[in-house]
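Q: One predicted model, sequence on top.
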Amino acid sequence: MSESRSTSLATEPAAAPARAAAAAGAAPLDAEIMLELVDDTGVTIGTAEKLWAHQQPGHLHRAFSVFLFDQQGRLLLQRRALGKYHSPGVWSNTCCGHPYPGEPPFVAAARRTAEELGAAPGLLCAAGTVRYDLPDEASGLIEREWNHLFVGLMTDELRPDPAEVEDTRFVTARELKELQAGKPFSVWFSTVFEAALPGIREIAGRDW
């Protein structure tokens, strides 16, 4: 089940907030990771521990998904690290995750991109929201998310964190289809990609 809501692109330079947030905003390694629970209109109604929120039957929570492109209009994909408890080893969009309670989604998206890829977005634009309920048969978990979508540009050299990212690849629209035909992708990828397409085309062109 998915419900997308589009907005016109709201553009902000992302490098400075991403670097500052990555330095100061990360949770301690031994702390529980908390996220925001939301109602069916996206309004925050509480908090929950991350893993608990993803266990069946699932609890609707706030998330974000990022799609970044290079100057040739190619999409940056990441293959998730093999050691991750959720969807290890599959290809997915540039970055995805969950804001900390009270953290604006834009700040969370910029922060997490810098943490995972070792490089901050050069440009980050809000591209609407999408709500979905997607079970992951491989892990037994479920994605029940109110997802804030962002598109933008990546111009810095990547230095991926091996604990988070197994591999990265820039792909054209044709190369993405070929990769999807032969490799496993995250259960949420197609849903968030389709919802973000209007914003993607504003950033990367009509070829997408």
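A: Yep, that arrived.
Q: Quick one: list the elements packing against whichever strand or helix holds Trp146.
A: Per DSSP states H and E, Trp146 falls inside strand 141-153. Contacts defined by 3 or more C-beta pairs under 8 Å, 6 or more residues apart in numbering; DSSP states H and E place strand 141-153 against helix 50-54, strand 61-69, helix 105-117, strand 123-136, helix 189-204. To be clear about C-beta, it is placed using only N, CA and C from the backbone, and glycine gets the same treatment.
Q: What's the local residue count around Gly89?
A: 15 (other C-beta atoms under 10 Å).
Q: quick one: it and Asp167 touch, right?
A: No. Using C-beta atoms under 8 Å, Gly89 makes no contact with Asp167, being 9.5 Å away.
Q: tell me, what's touching these two both at once?
A: Arg79 (C-beta atoms under 8 Å, 6 or more residues apart in numbering).
Q: re the thing from before, the helices and strands packed on strand 141-153 into JSON lines, with extra columns for mean neighbour count?
A: Formatted as JSON lines, the helices and strands packed on strand 141-153 follow (neighbours: other C-beta atoms under 10 Å):
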{"stretch": "helix 50-54", "mean neighbour count": "17"}
{"stretch": "strand 61-69", "mean neighbour count": "27"}
{"stretch": "helix 105-117", "mean neighbour count": "25"}
{"stretch": "strand 123-136", "mean neighbour count": "20"}
{"stretch": "helix 189-204", "mean neighbour count": "20"}
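Q: so which of these comes closest to Thr44?
A: strand 61-69 (7.2 Å; C-beta to C-beta).
Q: chain center to that closest one: distance?
A: In this view, strand 61-69 has its centroid 3 Å away from the chain centroid, taken as C-alpha atoms, centre = their mean, to the nearest Å.
Q: What helices and strands are in contact with it?
A: Counting by 3+ C-beta pairs under 8 Å, 6+ apart, strand 61-69 packs on strand 34-38, strand 75-80, strand 95-97, helix 105-117, strand 141-153, helix 189-204.
Q: Give me the residue at the spatial middle of the protein.
A: Cys96 (1.9 Å; C-alpha atoms, centre = their mean).
Q: If we ignore the residues flanking it in sequence, what's nearest Phe67?
A: Val151 (4.8 Å; C-beta to C-beta, 6 or more residues apart in numbering).
Q: any idea how far the one you found is from Glu178?
A: Taking C-beta to C-beta, to the nearest Å as the measure, Val151 falls 22 Å from Glu178.
Q: Quick one: low-confidence residue ranges for the protein.
A: 1-31 (pLDDT under 70).
Q: go with 90
A: The chain contains residues with pLDDT under 90 at 1-32, 84-87, 136-140.
Q: Looking at Val151 and Glu178, which is more packed in?
A: Val151 (30 against 11).
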